[in-house]
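Give me a 3D structure for the following:
(chains A and B)
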2 protein chains.
Amino acid sequence: MTDRPRTRLYLDAPLGSGLPVALDGDRAHYLRAVLRLEPGARLLAFNGRDGEWLVEVTRLSKSGGEAACLERVRPQVPDNGPWLLFAPLKGGRTEYVVEKAVELGAGLLQPTYTRRGDVARVNLDRLRANAVEAAEQCERLSVPEVRDGQPLDRLLAGWDPGRILFVAAESGRAEPMVTAVTARKAQPAAFLVGPEGGFDARELDALNTLPFVVPVGLGPRVLRADTAGFAALAVWQALAGDWTRDGGDSRPPFRAD
Amino acid sequence: MTDRPRTRLYLDAPLGSGLPVALDGDRAHYLRAVLRLEPGARLLAFNGRDGEWLVEVTRLSKSGGEAACLERVRPQVPDNGPWLLFAPLKGGRTEYVVEKAVELGAGLLQPTYTRRGDVARVNLDRLRANAVEAAEQCERLSVPEVRDGQPLDRLLAGWDPGRILFVAAESGRAEPMVTAVTARKAQPAAFLVGPEGGFDARELDALNTLPFVVPVGLGPRVLRADTAGFAALAVWQALAGDWTRDGGDSRPPFRAD
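Purely as a prediction, here's the structure:
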């Protein structure tokens, strides 16, 4: 066994035995000027479809570079974590939600505009870059899609009723997470977390009439919106997701130390 | 029912029917100059022992003030959430861990120095202020103790073996959280989360020999240290803690909106 390369890149290109992979200018700059790598350096690469590959840098210049796929070190695994619908937050907390949601295996990130939300737009390019960086860091095999922000009512109007929408409820009737998730663990899921000010009464009324909505309780403390999002994802993973498998064997056969 | 006061203060003083409560200079300044309150304003107060009280400000000056306890709105509840032992992190992430751990009901916060940790001391006053602020915000009835940083080996040497120490394991043999916690849900618990660089081999060897240590797996992605801490707490609360009760009834009878 060799050391696991420290550098891990998401590349939106086919990966397969012997295939060359182009490195764009940003990637090449990062490898050359930031990490000070040279041709011959080995990295890990993934594209969300072909598993994780050991690749070797073959060319690096100011304008770009190339690498060659050497060996597949992990097969692709299905990636069916819950979607996260979240009201964008102030003060860097949206970026934090994206980072944590990627680590916690969210399948899709949907910024959601609500009546009491105090952030009316998101910097989509930045959130997508956050998602890529988090996926690279956490050794995830895919980068979840980050969609552009949408108003809550439009998202609900177009909802696929086959996907449960767990709504983090601050008050009112709600099932504890453990029973709500356990009873529906085979179904596609999404979590909706409101803004710091909570949903307004009309939004709650609308949510409560929808057959795919399940209000869930996150305990007696009032969680901040960012906390509610990743707490819900963590509990889902532990009860219904990929944390239920025994750990330690899903990562590649490199030395840990 | 009246509106729930927006302001909620932790006061380290007895709270009880008719009791006057002194407000120190910082608190008085905050109420007077930041919130622009005047005598007659109503707040909520808690001290970690006597439940939550509706109090009325009776005097406010530059140097301090006083309030009077009017009515208890929530009884004290036992607060036996798991301890969190965490390696301090860079870049504001330690403060974030404290905030989230308070929201997620951690019973005690213990900064823990490990061989690969890259932060060698903590600003204890600041972390304690973070904990108070988070408890006030999240409507918790207590503020967990934040202890001064200690080396891991000293903490392990003095450990009460009656308290399970779940160790967030990045690799090696580990039980999935759901089975590890469910099998030990009646026991006092703590979680230990290492630094971004992980534990070193000697630390892992030492941990693995201890009868109270249970390595737990947090899934196939490599969580950042902050994520691991609050993900573990959230799952514990959902499976063994106060999230298992039906929600909505534990908070006081004020209007939600």
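
Can you pull out the low-pLDDT segments for the stretch 101-250 of chain A?
Within the stretch 101-250 of chain A, the stretches with pLDDT under 70 are A:246-250.

Now do the strands in it.
Secondary structure of the stretch 101-250 of chain A (DSSP state E, counting those that start in this stretch): strands at A:108-113, A:145-146, A:150-151, A:164-169, A:175-176, A:189-193, A:213-217.

Using CSV, please lay out the ones you listed together with mean neighbour count and distance to chain B.
All C-beta spots, glycine's among them, are computed from the backbone N, C-alpha and C. Shown next, in CSV, are those (neighbours: other Cβ atoms under 10 Å in any protein chain shown; distance: least, Cβ to the nearest Cβ, whole Å):
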stretch, mean neighbour count, distance to chain B
strand A:108-113, 21, 15
strand A:145-146, 19, 17
strand A:150-151, 14, 20
strand A:164-169, 23, 7
strand A:175-176, 20, 5
strand A:189-193, 26, 12
strand A:213-217, 22, 2
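
Can I get the ones you listed in CSV including distance to residue B:177?
Formatted as CSV, these follow (distance: least, Cβ to Cβ, whole Å):
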stretch, distance to residue B:177
strand A:108-113, 23
strand A:145-146, 27
strand A:150-151, 33
strand A:164-169, 19
strand A:175-176, 17
strand A:189-193, 18
strand A:213-217, 18
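
List, one by one, the residues from the stretch 1-150 of chain A near chain B.
Selection of the stretch 1-150 of chain A residues close to chain B by Cβ under 8 Å from any Cβ of the partner chain yields A:77, A:96, A:99-100, A:103-105, A:137-140.

Now with 7 Å, please.
Counting by Cβ under 7 Å from any Cβ of the partner chain, the stretch 1-150 of chain A comes close to chain B at A:100, A:103-105, A:138-140.

what two of those residues are the furthest from one another?
Largest separation among the residues of the stretch 1-150 of chain A next to chain B by Cβ to Cβ: A:100 and A:139, giving 15.2 Å.

hmm, back to that, who wins on neighbours among the residues of the stretch 1-150 of chain A next to chain B?
residue A:104 (31 neighbours; other Cβ atoms under 10 Å in any protein chain shown).

just checking, it touches residue A:234?
Yes. Counting by Cβ atoms under 7 Å, residue A:104 sits close enough to residue A:234 to count as a contact (5.6 Å).

Overlap of the contact sets of these two?
Residues touching both residue A:104 and residue A:234 by Cβ atoms under 7 Å, 6 or more residues apart in numbering or on different chains: residue B:231.

just the helices in the stretch 151-257 of chain A please.
Applying DSSP state H, counting those that start in this stretch to the stretch 151-257 of chain A gives helices spanning A:152-157, A:177-182, A:201-208, A:225-240.

Who are the packing partners of the second one?
So the one you mean is helix A:177-182. Counting contacts by 3 or more Cβ pairs under 7 Å, 6 or more residues apart in numbering or on different chains; DSSP states H and E, helix A:177-182 is packed against strand A:213-217, helix A:225-240, helix B:225-240.

Give me the contacts around it.
A:166, A:214, A:216-218, A:232, A:235-236, A:239-240, B:238-239, B:243-244.

And those residues, which two are furthest apart?
So, those by Cβ to Cβ: farthest apart are A:214 and B:239, at 18.5 Å.

For stretch A:24-33, measure first residue to last.
End-to-end distance for stretch A:24-33, by Cα to Cα, to the nearest Å: 14 Å.

in it, what's buried?
Across stretch A:24-33, burial judged by 16 or more other Cβ atoms under 10 Å in any protein chain shown covers A:27-29, A:31-32.

Return the backbone torsion pair for residue A:73.
Dihedral pair for residue A:73: phi -100, psi -20, per degrees, to the nearest 10.

how close does it sit to residue A:141?
With distances taken as Cβ to Cβ, to the nearest Å, residue A:73 is found 11 Å from residue A:141.

Overlap of the contact sets of these two?
Contact with both residue A:73 and residue A:141 is made by residues residue A:52, according to Cβ under 7 Å, 6+ apart.

These two: who's more crowded?
residue A:141 (22 against 18).

Report the contact partners of the residue positioned nearest the centre of chain A.
Nearest to the mean C-alpha position of chain A, by Cα atoms, centre = their mean, lies residue A:102 at 2.5 Å. Contacts here follow Cβ under 7 Å, 6+ apart; on that basis residue A:102 touches A:131, A:134-135, A:138, A:140, A:144.

same deal with residue A:40?
Residue A:40 neighbours (Cβ under 7 Å, 6+ apart): A:56-57.

tell me the most buried of the helices of the stretch 151-257 of chain A?
Highest mean neighbour count among the helices of the stretch 151-257 of chain A (mean count of other Cβ atoms under 10 Å in any protein chain shown): helix A:225-240, with a mean of 27.

Could you dump the helices and strands packed on helix A:177-182 into JSON lines and include distance to residue A:118?
Output for these, formatted as JSON lines (distance: least, Cβ to Cβ, whole Å):
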{"stretch": "strand A:213-217", "distance to residue A:118": "23"}
{"stretch": "helix A:225-240", "distance to residue A:118": "11"}
{"stretch": "helix B:225-240", "distance to residue A:118": "23"}
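
between those, which gets nearest to residue A:113?
Among the helices and strands packed on helix A:177-182, the nearest to residue A:113 by Cβ to Cβ is helix A:225-240 (13.3 Å).

anything in that closest one near chain B?
Yes. Helix A:225-240 comes into contact with chain B (Cβ under 7 Å from any Cβ), by way of A:227, A:230-231, A:234-235, A:237-239.

out of those residues, who's nearest residue B:41?
Once Cβ to Cβ is applied, the member of the residues of helix A:225-240 next to chain B that ends up nearest residue B:41 is residue A:227, at 28.7 Å.
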